[in-house]
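Colleague: here is a sequence with its predicted model. Questions after.
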Amino acid sequence: MKPKLLFIINTLTYGGAERVVSLLLNQLAEKYELHLVIFENIIKYPIPGSVHIYCLGESSKAQGIITLLRLPFMAKKLASYCKIHKIDSCISFLNRACYINAIRKTFWPARIKTIMCERSHQSSILQYIGGSSKIFPYISKKLISWSYQKADLILTNSELSRLDLQQNFKINRPIQVVYNPIHLHDILQKANEPVQDYLFSEFTFISVGKFRVEKNLQLLIQAFAQLKELPVKLIIIGGGPLEPALKQQVSQLGIDDKVWFGGFKSNPFQYIKNANCFVLSSHTEGFPNVLLEALACGKAVISTDCKSGPREILAPASDMNTVLEKNIEMTAYGILVPENNPQQLAFAMKKIFEDNQLREQFEEKSLQRASEFSNEIIIPQFEQYFY
């Protein structure tokens with residue numbers, strides 16, 4: 001009889017954690033009986049037909065006190081499902097799923113291995129999700145601390161994330177680091193598909209991601225505006241609540257003719273492949289899949305030295321606690337710039353534009369670095385902890 005693994009996540013819409021779950025389901029389907037519990041029936045990523053899907057019938061976007069009040073009801077549903085299907089391991093991704101997993105274990109205990117997967121640098125992200133409210137970050141921190149203490153094992157996707165949970169959330173449960181996997185063959189195949197809706201006529205910078213506060217796309221636009229006299233363009237792929245504000249910023253800076261908002265794309269890799277340089281401008285990350293994907297597409301990359309992930313990807317031999325404050329850093333696999341510094345980001349972008357030799361040096365090493373995070377290498381690292 002195959003071991004029974006259950007994965008719980010909000011939805012399988014586009015996102016880094018969601019893509020990891022999709023990759024795990026596809027890779028493990030032959031060896032395990034797999035179950036997927038989602039809040040809302042939204043599945044954008046491919047998953048095997050053999051996966052048992054259970055929808056909790058909850059809004060994945062719910063916020064505030066209603067969200068907290070619904071947690072026990074969702075946990076009870078999860079516990080009942082686990083009991084009926086005799087689940088061996090319950091593996092949760094993202095905060096709300098981890099809260100439910102913890103409540104299930106606390107009030108409906110069973111002989112089920114409880115694994116929680118942290119995908120962010122929580123101390124950093126709590127600075128941005130609460131806005132001016134102090135209550136929401138406070139409650140979130142308490143919930144994270146309480147729920148993770150219920151885990152048999154926590155998996156983080158960066159060393160800095162592990163240290164953050166231990167030092168700032170006082171988590172004393174076992175924590176292991178497993179980096180995010182990428183489906184290298186799929187990326188390379190999709191990257192070679194032709195682009196139909198954009199003409200790459202000039203040197204092009206590109207960024208891909210959700211338009212949220214923590215992604216800090218305002219910084220990228222502000223830095224790019226300093227290069228508007230150069231023959232360069234900027235593509236921003238994605239969407240989200242900040243889209244009107246970002247487009248307004250572009251107009252106010254007088255660069256409408258140099259910036260293209262491409263919207264959500266099921267295949268962003270063909271755009272990355274045809275661009276000249278990928279830029280990540282985030283305030284905070286967990287372990288940015290998109291940076292690995294850009295490397296897989298053979299691109300030179302520039303990233304803010306935010307917590308966490310970019311330094312571990314681009315400068316693996318450096319001290320992970322290093323934080324850039326004033327100057328850029330030429331690393332083994334790309335350029336790191338200080339967080340939220342438009343002058344230094346613009347300087348790095350201009351450097352990549354002007355220095356063909358430097359850009360080619362990064363391009364030559366990019367695929368080799370990305371291959372170190374391939375499914376074949378990373379999935380077995382996950383699997384050793386699941387059962």
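Modeller: That came in fine, so what should we check first?
Colleague: tell me where the stretch 101-250 of the chain has helices.
Modeller: Taking DSSP state H, counting those that start in this stretch, the helices of the stretch 101-250 of the chain run over residues 122-129, 135-148, 159-168, 184-191, 217-225, 243-252.
Colleague: just those helices: most buried one?
Modeller: helix 217-225 (a mean of 22; mean count of other CB atoms under 10 Å). (C-beta placed from N, C-alpha, C; glycine too.)
Colleague: now it, how far from the centre of its chain.
Modeller: 21 Å (CA atoms, centre = their mean, to the nearest Å).
Colleague: to Y387, which of the helices of the stretch 101-250 of the chain lies closest?
Modeller: helix 135-148 (20.4 Å; CB to CB).
Colleague: okay, the angle between the closest one and helix 122-129?
Modeller: Angle, helix 135-148 to helix 122-129, by axes from the mean of the first three to the mean of the last three CA atoms, to 10 degrees: 150 degrees.
Colleague: counting contacts, what elements does helix 135-148 pack onto?
Modeller: helix 95-107, strand 113-118, helix 122-129 (3 or more CB pairs under 8 Å, 6 or more residues apart in numbering; DSSP states H and E).
Colleague: most neighbours per residue, which of these?
Modeller: strand 113-118 (a mean of 25).
Colleague: break this protein down into its domains, please.
Modeller: 4-177, 184-371 (automatic domain parsing).
Colleague: starting at the chain centroid, how far to the shortest one?
Modeller: Taking CA atoms, centre = their mean, the mean C-alpha location of domain 4-177 is offset from the chain mean by 15 Å.
Colleague: now that domain: mean pLDDT?
Modeller: Mean per-residue pLDDT for domain 4-177: 92.
Colleague: out of the helices and strands packed on helix 135-148, which comes closest to N375?
Modeller: Taking those one by one with CB to CB, strand 113-118 is closest: 16.6 Å.
Colleague: circling back to that earlier point, in CSV: the domains of the chain, plus distance to P380.
Modeller: Listed next are the domains of the chain as CSV, based on distance: least, CB to CB, whole Å:
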stretch, distance to P380
domain 4-177, 9
domain 184-371, 15
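Colleague: can you say which of those is nearest to Q381?
Modeller: domain 4-177 (8.6 Å).
Colleague: for that closest one, measure first residue to last.
Modeller: For domain 4-177, the first and last residues are 23 Å from each other (CA to CA, to the nearest Å).
Colleague: got it, and stretch 367-386?
Modeller: Counting by CA to CA: the opening and closing residues of stretch 367-386 are 29 Å apart.
Colleague: rewinding a little: out of the helices of the stretch 101-250 of the chain, which gets nearest to T106?
Modeller: Among those, helix 135-148 sits nearest to T106 (CB to CB), with 9.1 Å.
Colleague: what does the closest one contact?
Modeller: Helix 135-148 has contacts (CB atoms under 8 Å, 6 or more residues apart in numbering) with 68, 95, 98-99, 101-103, 116, 118, 122, 126-127, 129-130, 154, 165, 169-171, 173.
Colleague: now the nearest residue to Y99 once chain neighbours are set aside: how far from E214?
Modeller: If the residues on either side of it in the chain are set aside, Y99 comes closest to S147, at 5.0 Å by CB to CB, 6 or more residues apart in numbering. Distance, S147 to E214, by CB to CB, to the nearest Å: 21 Å.
Colleague: also C82?
Modeller: Separation of C82 from E214 (CB to CB): 33 Å.
Colleague: out of the helices of the stretch 101-250 of the chain, which is closest to F261?
Modeller: Nearest of these (CB to CB): helix 243-252, 6.5 Å.
Colleague: for the closest one, the distance to its chain's centre please.
Modeller: How far helix 243-252 lies from its chain's middle: 24 Å, per CA atoms, centre = their mean.
Colleague: repeat for stretch 194-214
Modeller: 18 Å.
Colleague: list the buried residues for it?
Modeller: Going by neighbour count (16 or more other CB atoms under 10 Å), the buried part of stretch 194-214 is 203-214.
Colleague: ok, now stretch 344-361?
Modeller: Going by neighbour count (16+ other CB under 10 Å), the buried part of stretch 344-361 is 344-349, 352-353, 359.
Colleague: could you pull out the strands for the protein?
Modeller: Using DSSP state E, the strands of the chain run over residues 4-9, 33-38, 52-55, 89-93, 113-118, 153-156, 175-177, 203-208, 232-237, 259-263, 277-280, 300-304, 329-330, 335-337.
Colleague: could the ones you listed be laid out in a markdown table, adding distance to S374?
Modeller: Formatted as a markdown table, the strands of the chain follow (distance: least, CB to CB, whole Å):
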| stretch | distance to S374 |
| --- | --- |
| strand 4-9 | 21 |
| strand 33-38 | 21 |
| strand 52-55 | 27 |
| strand 89-93 | 20 |
| strand 113-118 | 19 |
| strand 153-156 | 18 |
| strand 175-177 | 17 |
| strand 203-208 | 20 |
| strand 232-237 | 23 |
| strand 259-263 | 27 |
| strand 277-280 | 19 |
| strand 300-304 | 18 |
| strand 329-330 | 26 |
| strand 335-337 | 23 |
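Colleague: of those strands, which approaches E383 most closely?
Modeller: Comparing the strands of the chain under CB to CB, the one sitting nearest is strand 4-9, at 9.5 Å.
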